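S.K.: compute the structure for the input listed below.
(chains A and B, ligands or ions: 2)
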Amino acid sequence: MHPVVLIALKDLKQLLRDRVGLFFLVGFPVMIGVFFGFVFGGGNQSGSIHLTVALVNEDPSEYSAKFVEALESGGSVGLVRTNREPALEMVRKGKLAGVIVVPEGFGETAGMMWGGKPATVRVGVDPARKAEAGMLKGLVLEAAGQLVPHRMNRFLSSTNGMAELFDEETLAGGQVGTVLPVEVEGALTNLFESLKQLRKANLVATSRSESSGAMPDMSVVKVEQIDVVRERRNGELAKVRSSWDITFPQAIMWGVLACAAGFAVTIVREQVRGTLLRLQVSSIPRWQVLAGKSLACFISVIFVVLFLIGVGMAFGMRPKEPLLLSLAVVCVASCFVGITMLMAVWGKTEEAVGGAAWAVGMVMSMFGGGMIPLTFMPAFMKSISHISPFKWAILSLEGAIWREFTFAEMLFPCGMLLAIGAGTFAIGHAILKRRLA
Amino acid sequence: MIEVKELRKAFGEHVAVDGVSFEIGQGEVFGLLGPNGAGKTTTIRMLVGLAKPDSGSIQIDGHSDSASARVQRMIGLAPQSISLYDDLTAEENLRFFGGMHRLAKRRLNERVAWSLEVVELTDRRRDFVKTFSGGMKRRLNLAAALVHEPKMLLLDEPTVGVDPQSRNHIFDSIKTLNADGLAVLYTTHYMEEAERLCDRVAIVDHGRLLALDCVDGLIANHGGPAKVRVEFNKAPSGGEPLPAVLDGRQIEFESAEPLVVINRLAGVGGGFAKMEISRPNLEDVFLKLTGHSLRD
Ligand SMILES: Nc1ncnc2c1ncn2[C@@H]1O[C@H](COP(=O)(O)OP(=O)(O)OP(=O)(O)O)[C@@H](O)[C@H]1O
Ligand SMILES: [Mg+2]
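M.R.: Ligands and ions are numbered 1, 2, ... in the order given. Model (predicted):
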């Protein structure tokens, strides 16, 4: 086997045997990704599992109570009962995904398919969570649909002993008109319509996972949009479908940082423990030693990134452009191979290099959006972030995951990564070479 | 095989190696004997191209570029500080370093097994180096120098902390290899090792080579007279003049020809109760050459 490959394999073997190192490579980043994912509300949006919204019930009727019950019994939505103002505030601040307002007078027409305008439910959704808006509307329609049979039952039980009349044949025959009171006649004429609508509503509910948020054409309930504008989360975040999309690129970068710091330490370790000396006096050229190390570093970055992408996807991250993502991953790995080389010469002992690598990595990460997503950073911070490789790394990953970058748009962040990688590699290599001479 | 001329290396003001010249022939074990800081390691580092000499020349098997792959393939180096991967097993370490010299797989397997045999670590080959004792690590450090079948060995204090039994085994192995034509440069500050193993010994101190000869030659030329101590049964009275002043029944003196003197003493009467002749050793040679002892 070629010495470069032997060195890379040896390094990877050592890496796998180092439990603590492995934790920082994969365990710690997963923790970061999951932790921040939950902090940013990702836990509530993973797929179609659960959504927590504010519920403002301004209608005292039994219909509104039934509606709320129906909404809750579906299990897809958690309700925080509150008043209109605090509810809107919470949604604005991103604490809740949305708000459902049941306005006064809801009970008067809820569940009725006839006579005047349908009952109204007002729904407001955090604009950053558009994906959930459709789902929430579906849930509201589903719950409102369940009021239809309730309304029917109430009506029937109030018109004594007439239940038997409502078998299908009679209805189909449409013969009852003459013997029924006027209201009943009206109700029955609308019953078919109601049932049809109910089925439609259920259909909407069952297919809500792929709901586009489009309003179904129906009148069981009118869903009005409340405009909950949150200043900072504007346009660009509209593309985010889950907060995992934001936190996992960050998590990935923590894993990459751990790789870089880990390999930087192995380079000094070889110096300190004298094994580099043995490599120097073995008959392979020196560049092959560094090539082997770099190869191992590159491979482990790739593996860590792929692993974290996998974990992210298990949580609900959905990369939009797998091909561009591969491009980003390769560029990130190349960049950090260079950074590793530079980190390796920041000190002469394992402790010094390990410490410095993490410290500098943290700062780069902080300014580059590894801790707080760039989107949430004030403008001046964003401009500082240009000097951090983390920024370009995260941007290229996000570009492929949710920013919907085109190939051309990917070229800039990827180019920056490659340039930083090449530059840092050259500097690190030059210093190392001089130190060993 | 190795030819060093007027080698000099200074670190700032401090001259670590100061005009050292020697030659090591095929099948020779050459000792570099000197105290701490004498410049032994620095000399070796220059030989393998890890340090650049300030002046002087090095020729290894006719090549002057000691950092070239061809030269390095010929050299087996056991560095003074243990240079192994702690988190690899003994076998993995040897395999890896052998692989660095591009040994073919079959040959590599044979060599790894053989090297482990030489340092008697075959039964520990699957253990991580971090679980080894200091002496075992030292032995593996030596094995890593042997694994790629070098033509010359540069051993920098290879037996520090190694127990006498393992040391004997290592010495026997070196002698065997040596008989097959391997050249060995052996640095040490144990004169017993130098005396026992080396064909020729160079004595170095403060970067300078003070004397270079075979052990007997060094002792004959620089060791001075032998020490003799005799205890009589009863103090001799008069007769022959004694070589030193009598201290009770004992007498101590130095002589270049101790047997002749003792023969004479036998004639003075009194009979010998005890007699000790100590031949000078390399320690004495060193003391004579430098004015201080090797262990200072
Ligand atoms: N890299 C260096 N920088 C500065 N001085 C050095 C360096 N390497 C060696 N020296 C100095 O050179 C001198 C010779 O050192 P060297 O290591 O060659 O001694 P040695 O004979 O191998 O000693 P020991 O028996 O302790 O191993 C010492 O005084 C040492 O301080
Ligand atoms: Mg030394």
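S.K.: ok, how many other residues are close to the residue in chain A positioned nearest to ligand 1?
M.R.: Going by CB to the nearest ligand atom, ligand 1 is nearest to residue A:435 of chain A, at 11.4 Å. No exception for glycine: its C-beta is placed from N, CA and C like everyone else's. For residue A:435, the number of neighbouring residues by other CB atoms under 10 Å in any protein chain shown comes to 10.
S.K.: what about the helices in chain B?
M.R.: Taking DSSP state H to define them, one finds helices in chain B at B:40-47, B:69-74, B:90-100, B:105-118, B:134-146, B:164-179, B:191-197, B:215-222, B:258-266, B:282-290.
S.K.: can you check the stretch 201-350 of chain A too?
M.R.: In the stretch 201-350 of chain A, helices defined by DSSP state H, counting those that start in this stretch lie at A:243-272, A:275-281, A:286-315, A:322-344, A:350-368, listed in chain order.
S.K.: so how far is the following helix or strand past the last one off the chain centroid?
M.R.: Think helix A:350-368. Following helix A:350-368 in sequence order, the next helix or strand is helix A:379-384 (DSSP states H and E). Put simply, helix A:379-384 sits 24 Å off its chain's centre (CA atoms, centre = their mean, to the nearest Å).
S.K.: ok so, going back, in TSV, list the helices of chain B along with mean pLDDT.
M.R.: Output for the helices of chain B, formatted as TSV (pLDDT from 0 to 100):
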stretch	mean pLDDT
helix B:40-47	94
helix B:69-74	88
helix B:90-100	95
helix B:105-118	94
helix B:134-146	93
helix B:164-179	86
helix B:191-197	88
helix B:215-222	87
helix B:258-266	83
helix B:282-290	85
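S.K.: per-residue pLDDT, residue A:83?
M.R.: On pLDDT, residue A:83 comes in at 87.
S.K.: number of nearby residues for it?
M.R.: Here the count is done by other CB under 10 Å, and residue A:83 has 12 residues near it.
S.K.: list phi and psi for the spatially closest residue to it that is not a sequence neighbour.
M.R.: Spatial nearest neighbour of residue A:83, excluding adjacent residues (CB to CB, 6 or more residues apart in numbering or on different chains): residue A:56 at 6.0 Å. When read as degrees, to the nearest 10, the backbone of residue A:56 gives phi -120, psi 110.
S.K.: host element of the residue of chain A closest to ligand 1?
M.R.: Under the criterion of DSSP H and E, residue A:435 resides in helix A:407-436.
S.K.: mind listing what's buried in that helix?
M.R.: Going by neighbour count (16 or more other CB atoms under 10 Å in any protein chain shown), the buried part of helix A:407-436 is A:410, A:413-414, A:416-418, A:420-421, A:424-425, A:428-429, A:432.
S.K.: which residues are in contact with the residue nearest to residue A:83?
M.R.: Listed by CB atoms under 8 Å, 6 or more residues apart in numbering or on different chains, the contact set of residue A:56 reads A:81-84, A:87, A:99-102.
S.K.: and the stretch 51-200 of chain A, which residues reach chain B?
M.R.: Within the stretch 51-200 of chain A, no position is near chain B by CB under 8 Å from any CB of the partner chain.
S.K.: quick one: low-confidence parts of the stretch 51-200 of chain A?
M.R.: A:93-94, A:113-117, A:127-132, A:157-200 (pLDDT under 70).
S.K.: how about the helices in it?
M.R.: Along the stretch 51-200 of chain A, counting by DSSP H, counting those that start in this stretch, helices occupy A:62-73, A:84-92, A:106-109, A:130-145, A:147-158, A:168-173, A:182-206.
S.K.: which residue does chain B have closest to ligand 2?
M.R.: Nearest residue of chain B to ligand 2 (CB to the ion) works out as residue B:41 at 3.1 Å.
S.K.: how about chain A?
M.R.: Taking CB to the ion, chain A has residue A:274 as its residue nearest ligand 2, at 12.5 Å.
S.K.: residues near the closest residue in space to that residue that isn't next to it in sequence, how many?
M.R.: Of all residues not flanking residue A:274 in the chain, residue B:83 sits nearest, at 3.2 Å (CB to CB, 6+ apart). Residues contacting residue B:83 under the criterion other CB under 10 Å number 23.
S.K.: which residues touch residue B:83?
M.R.: Residue B:83 makes contacts with A:273-275, A:277-278, B:141, B:144, as judged by CB under 8 Å, 6+ apart.
S.K.: show the backbone phi and psi for it.
M.R.: With angles defined as degrees, to the nearest 10, residue B:83 sits at phi -120, psi 80.
S.K.: so residue B:17 makes contact with residue B:205?
M.R.: No: the criterion here is CB atoms under 8 Å, and residue B:17 misses it with residue B:205 at 11.6 Å.
S.K.: of the two, who's got more company?
M.R.: Neighbour tally, residue B:17 and residue B:205, criterion other CB under 10 Å: the higher count belongs to residue B:17, 28 against 19.
S.K.: any idea how far that one is from residue B:11?
M.R.: Distance check for residue B:17 against residue B:11: by CB to CB, to the nearest Å, it reads 10 Å.
S.K.: got it, and residue A:10?
M.R.: Residue A:10 sits at a distance of 33 Å from residue B:11 (criterion: CB to CB).
S.K.: quick one: which of these two has more around it?
M.R.: Just comparing residue A:10 and residue B:11: by other CB under 10 Å the higher neighbour count belongs to residue A:10, 22 against 11.
S.K.: show me what contacts that one?
M.R.: Contacts of residue A:10 (CB under 8 Å, 6+ apart): A:292, A:296, B:85, B:88, B:92, B:96.
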